[in-house]
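A.B. asks: Sequence first, then the predicted structure, then my questions.
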Amino acid sequence: MTIVENRIERLDKQAKKAKDEQGLKELELMQRLRDHLEQEIPLREFEFTEDERTLIRGYQFLTAKPLVFALNINEGDIPKADELAAKVPPRKHVTVIAFCAKAEQEISQLDDDDREMFMEELGITEPALDKVIRTTYELLGLISFFTVGEDSAALGQSAGTRTHSGLPAPFTPISNADLFAPK
């Protein structure tokens, strides 16, 4: 809220003096954001146009970030984890994941064969860590991809699907030994 109020003060002085059209648009947007925040509604629930998203790109508003709620449930509740997660009222850009941390810890310490059998017994289809990572990528609009050559490999992450037009940053080189190392 402080960032928005300070920006409104600066824009009010600058935009009106210089008759800056872009500044006036940003001022109007910041005033709407302030009104929205005064109602104690997070910015993730604000309906931004593409132009408005461009205007606020440089700001890192915490309430504009998507949320993942992680519910730690009892082992006996694992079969109804999705049902428990669905009890949390739906909100825009908020995802709820229910899992049993104790069972997940045990799963992480098992070898592959025992892990699959234990997960099947408990009715777990996907480890919670994998679910959290996948959900986070989806909320942020990210994709991961590998590029592999004869003597090198690289892992890249990108927002959107513009990977065909070039390699996005960050692009992390990794060796074949890292990529193909036995587990």
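C.D. replies: Nice, I can see it.
A.B. asks: Which parts of this structure are strands?
C.D. replies: Using DSSP state E, the strands assigned to the chain run over residues 67-72, 94-99, 142-148, 153-159, 171-174.
A.B. asks: And those, which one averages the lowest pLDDT?
C.D. replies: Mean pLDDT values for the strands of the chain show the minimum at strand 171-174, a mean of 47.
A.B. asks: Can you list the low-confidence ranges for this structure?
C.D. replies: 16, 152-183 (pLDDT under 70).
A.B. asks: Which residue ranges of it form helices?
C.D. replies: Under the criterion DSSP state H, helices of the chain are mapped to 2-18, 21-38, 50-55, 81-86, 101-108, 112-122, 128-140, 176-180.
A.B. asks: how about the ones you listed, which one is nearest T147?
C.D. replies: T147 lies closest to helix 176-180 among the helices of the chain, at 10.6 Å (C-beta to C-beta). The C-beta positions use only the backbone N, C-alpha and C, and glycine is treated the same way.
A.B. asks: circling back: can you add distance to N72 and mean neighbour count and give the helices of the chain back as JSON lines?
C.D. replies: As requested, those are arranged in JSON lines below (distance: least, C-beta to C-beta, whole Å; neighbours: other C-beta atoms under 10 Å):
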{"stretch": "helix 2-18", "distance to N72": "33", "mean neighbour count": "14"}
{"stretch": "helix 21-38", "distance to N72": "30", "mean neighbour count": "16"}
{"stretch": "helix 50-55", "distance to N72": "34", "mean neighbour count": "12"}
{"stretch": "helix 81-86", "distance to N72": "11", "mean neighbour count": "14"}
{"stretch": "helix 101-108", "distance to N72": "5", "mean neighbour count": "14"}
{"stretch": "helix 112-122", "distance to N72": "15", "mean neighbour count": "12"}
{"stretch": "helix 128-140", "distance to N72": "10", "mean neighbour count": "14"}
{"stretch": "helix 176-180", "distance to N72": "33", "mean neighbour count": "11"}
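A.B. asks: Cool, thanks, talk later.
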